[in-house]
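Peer 1: No letters, just coordinates:
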């Protein structure tokens, strides 16, 4: 699911902040709180160039501390991520130019 979370005033939230807002006792975002249960793993491509056909392969997955990379997704074997982390700072690292 592709969703851009935002606060009531329209400020966009990154994935981790969006998940935290949904999971709080009084969510500050106008989305179904049950959506937080679907936001466990976050995956992004390491290469964000366009067109997509020009991208190199590789992805980064962020998961809660203690979670392992998924072995199945919707009852099908999952393709393991190239990089896996529990650290939001790694997931939100400053982009680097690729040559």
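Peer 2: It's in. As the structure is a computational prediction, the values presented were derived from the model and not from experiment.
Peer 1: got the contact list for the spatially most central residue of the chain?
Peer 2: Residue closest to the mean C-alpha point of the chain, counted by C-alpha atoms, centre = their mean, is residue 42 at 2.6 Å. Taking C-beta atoms under 8 Å, 6 or more residues apart in numbering as the criterion, residue 42 is in contact with 15-16, 61-63, 91. Any C-beta I mention is one placed from the backbone N, CA and C, and that applies to glycine too.
Peer 1: Mind checking which of those residues land in helices?
Peer 2: 15-16, 91 (DSSP state H).
Peer 1: Check which helices and strands the helix or strand bottoming out on mean pLDDT in the chain sits against.
Peer 2: Every helix and strand in the chain was compared by mean pLDDT, DSSP states H and E; the lowest is helix 35-38, with a mean of 73. Helix 35-38 sits against helix 15-23, with contacts defined as 3 or more C-beta pairs under 8 Å, 6 or more residues apart in numbering; DSSP states H and E.
Peer 1: returning to that earlier point: parallel or antiparallel, list what pairs with the helix or strand following the least confident helix or strand of the chain.
Peer 2: Moving toward the C-terminus from helix 35-38, the next helix or strand (DSSP states H and E) is strand 42-45. As defined by DSSP bridges, the strand partners of strand 42-45 come to strand 59-62 (antiparallel).
Peer 1: I'd like the next helix or strand past the partner strand.
Peer 2: Next element after strand 59-62 (DSSP H and E): strand 72-73.
Peer 1: That following strand packs against which elements?
Peer 2: Secondary elements touching strand 72-73 (3+ C-beta pairs under 8 Å, 6+ apart): none.
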